[in-house]
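Novice: Sequence and predicted structure are below.
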Amino acid sequence: MKRAARFLLLGLLGLWVSGATLGAQSPGSDKENRASGNRTISGVVISGVNGEPLKDAGVTLLDVRDGKEVAESASDAEGRFSFANLSDGRYELRASHRGFVAADFEDHEGFSTAIVTGEGLDTTGLRFTLEPQAAIYGTVTEDSGDPVPQARVSLFHRIGSEGRIVRGGVTTADAMGHFEFPNLAPGNYYLCAAGEPWYRTNRPPALDQKGNPAAEQPRSPLDVAYRLTFYPDTSDSNVAEPVEVNAGDRMEANFTLHPVPAVHITAQVPTQGGQQRGLMMPQFSESVFGTSEMVQMGAVSIAPSGDGDGNSTRTVDISGVAPGQYQVELASAVQQGSSKLLTTFDASSEHASLDLSSVPPMAEVSGKVSMAGGASLPEGLSAVLVEGQGEGQAFAQVRADGSFQFGAVSPGSYRMILRANDSFLFVTQLGASGGKADGRQVEVGSDPVALTLVATETNAEVSGFAQLSGKPAPDVFVVLVPADARAGREALRADQTDSDGSFNLSQVIPGAYTLVAVEEGWTLDWSQPAAMNGYLAKGMKVNVPADAKQMDLKEPVEVQAK
């Protein structure tokens, strides 16, 4: 069973329960109706570090069918918990304890194992392991040893099962440069720090009518900036080193920021109507693990207009930017959210010039979607453009007639995804006028792009069992790999087997697949075809027809060693 939420920064549930196995219930309540049989789920909550039992752990039982709570309890002095009088069914088990990462039973990389009750199934004596929370802390200083107050520290987390690095959080250092990321689950984390020298000169030179410095001014030795710095001590994210965090660790990760002479940037910026209030102000950012990290700038000076309201460009002088490669985006000062253009910029000299008045605008991307076979569009439908590893996204709500509008989209290659409330639709056809479409990928340049999409609902469910040495295999990773390598990650379906060895793969796209079961397979980069190629030969061939709703596999899939 796969949980809806992934695990970046996990805190406490905040609800601590004590007392009897089942909480107080009124006659005829929903909880009472669900707990009206003769089955029992019981076990012990233990620490993942030393195996010691955990007293007063909050344990919650939920019905997998609808996610509703069935009962809640607290572990006793020996860490034991028990839920009695349960009917036959499939239950999700959750536990939490102060100082530990809240988790589902047998939680691995966002997958967990449900407990199945029924005739001949033993659901007692479970060992529910909770891992102690970890933390990363440190201090941000500069070369002099002085702290960098209010430094911005960003945390990124590597998702082992997908090989992606995603943003996990951001914090601000205190006046002494101290920071901390608490309540972390075990994993590999990357950190970067940015700040502003408190002593920095923040006075840009005065500009004349032509946008040039009004007079020669000696450069102040305090006119400095910090480069974005990745742990342990580099300005290049490609050579950043991860901080490996195990359960219960408190890992120290200190930063030293190096002041370098700041770059002064003179930019020619387009205006809207020639008014200063309509000035398109540039925003600088750096690409960090596929996401944009905003760059702190110093003072900004705007040259006076020399020809009144008819002037279409203005000169802006920006100080306090460290040398480096940046992405520059122009945002309207009068129309919020209407970014106009995007370009790259090499700010490596002491005084750099940037002409943004001639950069082509970002593309306007629109489209229309229809359902295969003339079916009606589902409610709550939205369209999403996902760039690269999935961090950069553009979102648009689909109207009743199937049309949608993204607005300004930066050049690049995107995957097209359709979502309807909590489910996905599969794009069977994608055409692009003004861009290039290939499968479910679309290339966007500077020209307007009009997309046409045909979609089908992914409402088939594939259920079955995994076995090892002829016996049901619980806690095993299963994945449905499409035969068509062009199907993309959206076509993959994965699960973890429940206590009886069963699994259920929902929202499966029609097509041909190979079903693979692998011990501890959640640690593989299973979303990449190369990682699964070695397992496909021993997998089970599965064909999901276009009209399939429920498929129950007749034979169990054999579990393979990792």
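Specialist: Received it, and whenever you're ready, just let me know what you need.
Novice: helices or strands next to the longest strand seen in the chain in the packing?
Specialist: If each strand of the chain is counted by residues according to DSSP state E, the longest one is strand 423-433. Using 3 or more C-beta pairs under 8 Å, 6 or more residues apart in numbering; DSSP states H and E, the elements in contact with strand 423-433 are strand 412-420, strand 441-444, strand 449-457. Glycine gets a C-beta too; all of them are placed from N, C-alpha and C.
Novice: Now those strands in JSON lines, please, with extra columns for mean neighbour count and distance to residue 107.
Specialist: What follows is these, written out as JSON lines (neighbours: other C-beta atoms under 10 Å; distance: least, C-beta to C-beta, whole Å):
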{"stretch": "strand 412-420", "mean neighbour count": "19", "distance to residue 107": "25"}
{"stretch": "strand 441-444", "mean neighbour count": "20", "distance to residue 107": "33"}
{"stretch": "strand 449-457", "mean neighbour count": "20", "distance to residue 107": "30"}
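Novice: Could you dump those strands into CSV with mean pLDDT added?
Specialist: As requested, those are arranged in CSV below (pLDDT from 0 to 100):
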stretch, mean pLDDT
strand 412-420, 85
strand 441-444, 87
strand 449-457, 90
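Novice: now these as JSON lines including distance to residue 385?
Specialist: Below are these laid out as JSON lines (distance: least, C-beta to C-beta, whole Å):
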{"stretch": "strand 412-420", "distance to residue 385": "4"}
{"stretch": "strand 441-444", "distance to residue 385": "8"}
{"stretch": "strand 449-457", "distance to residue 385": "9"}
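Novice: could you dump the longest strand of the chain to PDB, C-alpha only?
Specialist: These are the backbone C-alpha positions of strand 423-433, laid out as PDB (Å, rounded to 0.1, in the frame of the first residue of the first chain):
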ATOM      1  CA  SER A 423      -6.400  10.900  -9.800                       C
ATOM      2  CA  PHE A 424      -4.400  11.100 -13.100                       C
ATOM      3  CA  LEU A 425      -5.500  10.900 -16.700                       C
ATOM      4  CA  PHE A 426      -3.300   9.500 -19.400                       C
ATOM      5  CA  VAL A 427      -2.400  11.600 -22.400                       C
ATOM      6  CA  THR A 428      -2.900   9.200 -25.400                       C
ATOM      7  CA  GLN A 429      -2.300  11.900 -28.100                       C
ATOM      8  CA  LEU A 430      -0.400  15.200 -27.900                       C
ATOM      9  CA  GLY A 431      -0.100  17.800 -30.700                       C
ATOM     10  CA  ALA A 432       1.600  21.100 -30.600                       C
ATOM     11  CA  SER A 433       1.300  24.100 -33.000                       C
END
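Novice: For the chain, which segments count as helices?
Specialist: 30-34, 529-536 (DSSP state H).
Novice: which stretch in these is the model least sure about?
Specialist: Set side by side, the helices of the chain give their lowest mean pLDDT on helix 30-34, at a mean of 57.
Novice: circling back: and the longest strand of the chain, what's buried?
Specialist: 424, 425, 426, 427, 430, 432 (16 or more other C-beta atoms under 10 Å).
Novice: Any idea what the residue lying closest to residue 483 once chain neighbours are set aside is bridged to?
Specialist: Spatial nearest neighbour of residue 483, excluding adjacent residues (C-beta to C-beta, 6 or more residues apart in numbering): residue 512 at 4.0 Å. Applying DSSP bridges to residue 512 gives these bridge partners: residue 543.
Novice: how deep is residue 512 tucked in, by neighbour count?
Specialist: Using other C-beta atoms under 10 Å, residue 512 is surrounded by 12 other residues.
Novice: What residues does it make contact with?
Specialist: Residues counted as contacts of residue 512 (C-beta atoms under 8 Å, 6 or more residues apart in numbering) are 482, 483, 484, 541, 542, 543, 544.
Novice: hmm, back to that, so which of the helices and strands packed on strand 423-433 gets nearest residue 553?
Specialist: strand 449-457 (21.4 Å; C-beta to C-beta).
Novice: for that closest one, the distance to its chain's centre please.
Specialist: 25 Å (C-alpha atoms, centre = their mean, to the nearest Å).
Novice: Give the partner strands of it in its sheet and their orientations.
Specialist: When DSSP bridges is applied, strand 449-457 pairs with strand 363-371 (parallel), strand 423-433 (antiparallel).
Novice: Between the helices and strands packed on strand 423-433, which one is closest to residue 221.
Specialist: strand 412-420 (40.8 Å).
Novice: Parallel or antiparallel, which strands does that closest one pair with?
Specialist: strand 381-387 (antiparallel), strand 423-433 (antiparallel), strand 441-444 (antiparallel).
Novice: Ok, which of the helices and strands packed on strand 423-433 comes nearest residue 526?
Specialist: Across the helices and strands packed on strand 423-433, closest to residue 526 is strand 412-420 (C-beta to C-beta), at 17.8 Å.
Novice: what's in contact with that closest one?
Specialist: So strand 412-420 is contacted by 369, 378-388, 392, 394, 398, 424-427, 430, 440-444, 451, 453, 455, 457, 488, 490 (C-beta under 8 Å, 6+ apart).
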